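Trainee: let's see this in three dimensions:
(chains A and B)
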Amino acid sequence: MTGRRPVGPAGPGPGSGEGAAFSVIGKRNRKVDGRRKVTGQSIFTDDLQPARLLHGKILRSPHAHARIRSIDTRRAAAHPGVHAVITGRDLPVAYGIIPWTRDEYPLAIDKVLYVGDGVAAVAADDERTAEAALALIEIDYQVLPAVLTVEDALAHPENQVNTFSAKGNVSKQVRLTFGDVEGGLAGAEVVVEDTWFHAGSTHAAIEPHCAVGDLGADGILTVHSSTQVPHYLHRELSRVLELPIDRIRVIQPAVGGGFGGKSEPFDLEFAVAKLSCLTGRPVKILYTREEVFAAHRGRHPMLMTYQVGARRDGMLTAVKARILIDGGAHSSFGLVTTYYSGQLLGAPYRLPAYEFDSTRVFTNKPSCGPKRGHGSVQPRFAFECALDMLAERVALDPIELRRRNVLGADTRTVNEFRVTSNGFLECLAGVERASGWKEKFRQLPFGRGVGVAGSTYISGTNYPIYPNEMPQSAVQLKVDRSGRVTVFAGVSDIGQGCDSVLAYIVAEELGVALDSIRVVTADTDLTPVDLGAYSSRITFMAGNAAIAACAGVKRRIQDAMAQAWSVPPGQVRLADGFATAPGTPSHAVPIAEAFQAAEARFGTLGGVGSYNTPKDVHGSYRGATIGASPAYSFSAHVAEVEVDDQTGQVRVKKIWVAHDCGRALNPMLVEGQMEGSAAMGFGEALFEEQPYDERGLHRGPSLLDYPLATTLDTPELESIIVESGDREGPYGAKEAGEGPLHPSIPAIANAIHDAVGVRLTRLPFLPPRVLAALETRRQAGLSWKGRR
Amino acid sequence: MKESVRFVVNGDPVEVLVEPGATLLECLRQDLGLTGSKQGCDKGDCGACTVLLDGRAVLACLVLARSVEGRRVTTVEGLAEAGRLHPLQEAFDTQGAAQCGFCTPGMLMSACALIEENDQPSRQDVREALSGNLCRCTGYTKILDAVVKAAGEVHQARAAPKGGGKP
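Mentor: Numbers count the residues shown, from 1 in each chain, chains lettered A, B, ... in the order given. Have a look, this model is predicted:
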């Protein structure tokens, strides 16, 4: 651990390296699974075709809300080629990703809660036979009034959607106040107030959910699943199937995108497990695209009212928010979502006083859950638009207004979260410079404009989903005499590249070539626990665990070579496939020989390392732990748009994306996260919504009707990596996977205002909404950049 | 009633018994074990199943297996030659164009069809050629970079004199 060089105000993080002279870290290395991915060799769950495989299908409710009077599966069970049929009664244990809100069953028992709710499942020789059998299942439904809007849900608590709810249709309510909010608003020289609506969105990973269950003759049930939380799936399978957890093995093959859409158990995983237990054969279920839309767990629609007070000089005095959240049928992560909708606004600005009052409501629609930027993308849209309005009111450049209110490093937020490194100012400066902001803002012709927005996000959560004191992440190493290192970790690579990140870290620490690293992940029989790919936690937590796992191995190798060379252990350097003692050219051996020397002296080499979060860095109020993270990332975007005032069409020309990821362990992967995030936010801004008809039927559950941006729609994206160097992050690294989504939407909204002078408050910004806003402005006789 | 269909896949002649309604994608994935081509929607919306049929990019989920009798199919498994990555594959890997990798096989095949026809595509040409392939991870930036880079390499290789060095 010699020669670390401070890389930012908060200092460098754990991990060795000669200053910034890393061999592997910070380089544009290939991903460890890249060559398999580009050749079609990566195995995704649906690529598994074990011998004797049966295919399952799930029968789904055509009603948004109905009581199940009876189910008759006899004809389906008797159908040729059918091996087993199950209903909700076969899996009668309620589950839920949050232990306090276990409010769903794998298959509905008494009541269906949305169109697409699973009711029964069949295992058959092939998919076509399974589908034919579903048609033979007779269900007598008593249709109930469908509760489809938040307003309806609150007005009619007697029409209860989810009977686990303690209180009508309220899923969760949180009201928290920090500081003197009323005083701050009363004393403000300017108060802006408006209401914004985020329509919600869905993940639409290109790989549909898939699972294969296989009960072996040894009584061990193996479930392969396209999950991003194998550990939580493992626990819930044990609970619901009522099997000892040590008899279950969960394996996550390559996953074709997650974005939060695969971060809790789904009906298919329980169904394949149960059907395999009944048939003694492997059973696969692959969701159709329609089923993926029904499974949902996407971004919650939120209706948000903000009051933001400030002085004439733009300094904020108080912020007050009221937020209504449409949760759909189940809680999912909703308890956390409700907190996040308020708790994650505490940075990147210093809020002297802050209050939020958030209410999540059940409706008879597919359940909402965590989507990339969980709970905070919607409020960030509203709040950053409010800041733009405020800048206009006090006649300040919106970047300058943000700069004045910066929270800073090594401090606490108004809601008492500890903030360590903070590169937000550098993010603002980066996009200001790269975009040519000063020459563009308010100076482009009518119809063209630029907008700015900022944000922050967590690098994992300090508290796990189920209370426990154990590490959040662990890594084991097998170091063998061939010079190869095998890394075992529970982490879930869903495309973000965490398997590669672990390889980079171990290669850096032990001086091994990348090709000599094998990474074995996400297999509950083989790998130590990691909590999963959510909340942008893996690089930070598993990265630190990997560094810790290397430490002892490294020391033994250094000791062995120091003895051989009669030099102090600290002078033995492991890098680029060699052990060397710098200064003595003859002291250099291939790393395999150094491993052999260490193995000869100390016995078989291996290492274990783990990481757990700081637990004392938040307030003492109820809910103070939710949103607490070991480190926060920061982002700023500038978007440039063209608005056609005849058609209402918005075209985003370019988004400049600056992100403080602490340190980029591989800039190519960080840019990939920044670009992917910005593009996903762009899609939410212009295209994506999930309309349901009056019976609760999704109007377009396909990848054609749900308008994902194509190559022709997506703007040019320019990434600017900011490295603030977090003292607790591995080599100073923080998250990059979710933060850079947030500012896209408000930056585009603010750019539309700069272009044509209208403030759009309702997502997505479809042409009719743009035209309506332009018409309102025309009728009011207002002009903008010389145009009426 | 299954019937026999004979075609050439990645250079190998094959004969497969297929259901009348079976798609080429099912045939490739389930009967031939060529699972590189992916099923993302099964209705022609996502492009993950794109393969080459007689050199043209098609969606394997919209092609009936029966209809490829006597034709030439190339899948992602047939892109590398003798274990050597195609320049597109190499560029996708080194430019960070494959994140989750699920859309990648389809992207590669669409890009391959483009480069076969035009090895000096503009960025806009690439955007148009890949507009039927959805990617949810990358924002497309690095995919476009990779295709442009690979096209340049293919163009150079084609422009280079064959058997260089001989008088």
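
Trainee: per-domain residue ranges of chain A.
Mentor: A:45-144+A:203-295, A:302-463+A:619-779, A:470-611 (automatic domain parsing).

Trainee: whoops, I mixed them up, chain B
Mentor: B:3-78, B:87-159.

Trainee: which secondary structure element is home to the residue of the stretch 351-500 of chain A found nearest chain B?
Mentor: Nearest residue of the stretch 351-500 of chain A to chain B: residue A:495, at 2.8 Å (C-beta to the nearest C-beta). Yep, even glycine has a C-beta here, placed from its N, CA and C like the rest. Using DSSP states H and E, residue A:495 is not contained in any helix or strand.

Trainee: tell me the confidence at it?
Mentor: Per-residue pLDDT puts residue A:495 at 98.

Trainee: tell me the spacing between it and residue A:250.
Mentor: Using C-beta to C-beta, to the nearest Å, residue A:495 is found at 19 Å from residue A:250.

Trainee: more crowded one of the two?
Mentor: residue A:495 (32 against 29; other C-beta atoms under 10 Å in any protein chain shown).

Trainee: and the longest helix for the chain?
Mentor: Just so you know, I chose chain A. With secondary structure taken from DSSP state H, chain A has its longest helix at helix A:538-565.

Trainee: I was after chain B.
Mentor: Across chain B, the helix with the greatest residue count (assigned by DSSP H) is helix B:141-159.

Trainee: what separates that one from the chain centre, distance-wise?
Mentor: 15 Å (C-alpha atoms, centre = their mean, to the nearest Å).

Trainee: about what we covered before: quick one: the longest helix of chain A near chain B?
Mentor: No - Helix A:538-565 lies apart from chain B when judged by C-beta under 8 Å from any C-beta of the partner chain; the minimum separation is 14.3 Å.

Trainee: hmm, who's touching the helix or strand just after that helix?
Mentor: Elements were assigned by DSSP H and E; along the chain past helix A:538-565, the next helix or strand is strand A:573-575. Here strand A:573-575 makes contact (C-beta atoms under 8 Å, 6 or more residues apart in numbering or on different chains) with A:18, A:23, A:509-512, A:554, A:557-558, A:579-582, A:591, A:594.

Trainee: which one of these is nearest residue A:419?
Mentor: residue A:509 (28.1 Å; C-beta to C-beta).

Trainee: circling back to that earlier point, wait, which of the domains of chain B is closest to residue A:205?
Mentor: Among the domains of chain B, domain B:87-159 sits nearest to residue A:205 (C-beta to C-beta), with 5.7 Å.

Trainee: and chain A, is that closest one touching that?
Mentor: Yes - applying C-beta under 8 Å from any C-beta, one finds domain B:87-159 in contact with chain A at B:88-90, B:92-96, B:98-105, B:108, B:126-128, B:130-144.

Trainee: picking that back up, what packs against the longest helix of chain A?
Mentor: Where contact means 3 or more C-beta pairs under 8 Å, 6 or more residues apart in numbering or on different chains; DSSP states H and E, helix A:538-565 is packed against strand A:473-479, strand A:485-489, helix A:498-510, strand A:573-575, helix A:591-602, strand A:605-611.

Trainee: quick one, which of those is packed in tightest?
Mentor: helix A:498-510 (a mean of 26; mean count of other C-beta atoms under 10 Å in any protein chain shown).

Trainee: after that one comes which helix or strand?
Mentor: Immediately after helix A:498-510, counting by DSSP H and E, sits strand A:517-521.
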